[in-house]
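Trainee: Return a 3D structure for these sequence lines:
(one chain, ligands or ions: 1)
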Amino acid sequence: MSRLIIFLIILAAIYWVIKRAFFPGKGRVGKTDEAGEDLVQDPFCQCYIPKSQSYAISLQGKKLFFCSEDCCKKYMASRAFPKS
Ligand SMILES: [Zn+2]
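Mentor: Just a heads-up that it's a prediction; the model follows:
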């Protein structure tokens with residue numbers, strides 16, 4: 001009988017792990033970080049950063065999010081002088 005209880009506990013643990021892995025937060029769509037915050041992609045280095053921690057600029061009516069001011073400057077420089 002105790003083996004059945006152990007089996008059920010293991011089953012519950014597996015279920016909990018799977019549930020956490022596949023359904024983090026409140027079933028939100030799109031990429032989110034641990035806190036369930038929206039992630040934005042840095043167009044220069046391609047890394048993902050939480051929106052609140054990103055360096056945001058507006059360019060020709062488009063919002064761009066960078067991981068740092070440095071990446072923003074590099075992105076602007078690469079736009080100004082595109083590689084031939
Ligand atoms: Zn970056």
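Trainee: do you know how far Gln46 is from Tyr75?
Mentor: Using C-beta to C-beta, to the nearest Å, Gln46 is found at 11 Å from Tyr75. No exception for glycine: its C-beta is placed from N, CA and C like everyone else's.
Trainee: Between these two, tell me which one has more neighbours.
Mentor: Between Gln46 and Tyr75, counted using other C-beta atoms under 10 Å, the more crowded position is Tyr75 (18 against 8).
Trainee: so how far is Trp16 from the closest residue in space to that one that isn't next to it in sequence?
Mentor: Closest residue to Tyr75 apart from its sequence neighbours, by C-beta to C-beta, 6 or more residues apart in numbering: Phe44 at 4.0 Å. Distance of Phe44 to Trp16, given as C-beta to C-beta: 39 Å.
Trainee: Which one's more surrounded, those two?
Mentor: Using other C-beta under 10 Å, the more surrounded residue of Phe44 and Trp16 is Phe44, with 20 against 10.
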